[in-house]
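Undergrad: this one's structure only:
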């Protein structure tokens with residue numbers, strides 16, 4: 001599946017093997033990783049099936065943005081939206097989100113969802129500016145490996 005956005009300084013493509021460590025480092029710099037989620041395993045899982053991928057954005061040779069995108073055949077989900085802290089305020093977040101939305105549209109998915117931690121007001125404002133609305137649904141979670149549900 002091809003990914004394209006309007007011409008810009010950000011070249012967007014699917015992640016390659018050689019990009020994995022750089023993307024994990026980007027996620028860590030952006031504070032997106034958590035001890036209970038192995039980012040390497042998340043990338044491997046997203047790359048394993050046709051219904052998910054990790055998109056990366058390059059400014060020149062440097063990877064400066066990412067988004068993990070996938071769907072269950074009905075709803076699309078986006079995770080790990082990241083823009084290098086040194087490259088913010090250049091529109092890269094909007095560009096990587098537009099590419100993720102395009103990827104889902106090409107897959108025939110009409111609804112997109114994502115999760116934002118309540119304390120991350122900046123991310124919430126960003127997604128609101130892109131037309132996202134806070135859902136009225138309540139999310140429930142359960143750890144299947146017996147760990148404490150309160151991180």
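TA: That came through fine. Bear in mind the structure is a predicted one, so any value in this text is a computation, not a measurement. Residues are numbered from 1 along each chain as shown.
Undergrad: So what sits opposite the residue nearest the centre of the chain in the bridge?
TA: In the chain, the residue lying closest to the centroid (CA atoms, centre = their mean) is residue 67, at 2.7 Å. Counting by DSSP bridges, residue 67 is bridged to residue 55.
Undergrad: wait, doesn't it sit right on residue 46?
TA: No: proximity of residue 67 to residue 46 does not meet the contact threshold set by CB atoms under 8 Å, at 10.3 Å. In this view, the C-beta of every residue, glycine as well, is placed from N, C-alpha and C.
Undergrad: ok now the longest helix along the chain, how far from the chain's centre?
TA: Longest helix of the chain, by residue count under DSSP state H: helix 92-106. Mean-position distance between helix 92-106 and its chain equals 10 Å (CA atoms, centre = their mean, to the nearest Å).
Undergrad: try stretch 51-66
TA: Offset of stretch 51-66 from its chain centre (CA atoms, centre = their mean): 10 Å.
Undergrad: average pLDDT for it?
TA: On average, the pLDDT along stretch 51-66 is 96.
Undergrad: residues in contact with whichever strand or helix holds residue 40?
TA: Following DSSP states H and E, one finds residue 40 within helix 39-48. Outside helix 39-48, the residues that touch it by CB atoms under 8 Å, 6 or more residues apart in numbering are 15, 20, 23-24, 27-28, 33, 52-54, 68, 70, 79-80.
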